[in-house]
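**Student:** Predicted structure and sequence below. I'll ask about it afterward.
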Amino acid sequence: MLVRTVATAVCFSALSLGSAGAAEMIESDFQVTFQYGGSEQRLSEDKVPLLPGSACYTWWMRLAEGPAPQSVKERLILPEPLADWGDLAVNADDGVEISTDGTMATSTFAPEFDSDGWLSKGWCTASGDPVGPHKIEVSIDGTLLNTYEFEVLAPEEYPWPALRQPDPRERSVQDSW
């Protein structure tokens, strides 16, 4: 059906204006978030459970000090065509272009950094999304800085994290059950 985009981080801060040159990535992370066991799970891993409306994945990137970047291009590449990209396929003002074969969404946007200098963008899984290997390529001012490769898995195939079992003493009231 539709892969929904998650807002980018806000507040540009730590990049200074310096000599001209290509942006350089100094740190990167890929995170998966979803509700499980009564709390939000935030994991740095390359496997995403297909939980429409619940599971999201976000890439994070910090750049070396240098000229403030002007443009970010993100390409989300799917393993097979998506039949319905929803509003992303029809809204020309959202900055997202869908490939004619339905396997790629290209977003172009002005970079916004959080107070620690991290740039991010994310997507959430939706009904009809394909399982299998996915890829996100991130370019800054025309230079490819990183490719995030990950796999979207059906819930029955996902390696769910172990849940912490409560200590019986934590559940007792005045040392009794």
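**Tutor:** Everything's here; your move. None of the values given here were measured: they were computed from a predicted structure.

**Student:** switch to C-alpha atoms for all contacts and neighbour counts from now on
**Tutor:** Will do.

**Student:** contacting residues around the one residue sitting closest to the centre of the chain?
**Tutor:** Centroid-nearest residue in the chain, with CA atoms, centre = their mean: residue 58, separated by 1.7 Å. Each residue near residue 58 by CA atoms under 8 Å, 6 or more residues apart in numbering is listed here: 30, 31, 32, 120, 121, 122, 123.

**Student:** Using just helix, strand and coil, how would you label the third one?
**Tutor:** This means residue 32. Judged by DSSP: H, G, I helix; E, B strand; the rest coil, the three-state class of residue 32 is strand.

**Student:** okay, the nearest residue to it once chain neighbours are set aside: pLDDT?
**Tutor:** Once flanking residues are discounted, residue 32 sits nearest to residue 57: 4.5 Å by CA to CA, 6 or more residues apart in numbering. Residue 57 carries a pLDDT value of 98.

**Student:** and of the contacts of residue 58, the nearest to residue 65?
**Tutor:** Distance to residue 65 across those (CA to CA) is lowest for residue 120, with 16.9 Å.

**Student:** how close does that closest one sit to residue 42?
**Tutor:** Here the criterion is CA to CA, to the nearest Å. By it, residue 120 lies 15 Å from residue 42.

**Student:** One more: residue 119?
**Tutor:** Counting by CA to CA, the gap between residue 119 and residue 42 amounts to 17 Å.

**Student:** Who has more neighbours out of the two?
**Tutor:** Using other CA atoms under 10 Å as the criterion, residue 119 and residue 42 rank with residue 119 on top: 22 against 14.

**Student:** so what's that one bridging to?
**Tutor:** Beta-bridge pairing for residue 119 (DSSP bridges): residue 61, residue 113.

**Student:** Begin at 30 from now on, thanks
**Tutor:** OK, 30 is where the count begins now, so the last one is residue 148.

**Student:** so it touches residue 91, yeah?
**Tutor:** Yes - with contacts counted by CA atoms under 8 Å, residue 148 reaches residue 91, the gap being 6.2 Å.

**Student:** Phi, psi for residue 123 please.
**Tutor:** With angles defined as degrees, to the nearest 10, residue 123 sits at phi -90, psi -10.

**Student:** ok, it - how many residues close by?
**Tutor:** Using other CA under 10 Å, residue 123 has 13 other residues around it.

**Student:** in this structure, which spans are strands?
**Tutor:** With DSSP state E, the ranges of strands along the chain come out as 33-35, 54-65, 68-73, 76-78, 85-92, 101-106, 125-127, 133-138, 147-153, 161-169, 172-182.

**Student:** What is the fourth one packed up against?
**Tutor:** Which is strand 76-78. If contacts are counted by 3 or more CA pairs under 8 Å, 6 or more residues apart in numbering; DSSP states H and E, strand 76-78 sits against strand 172-182.
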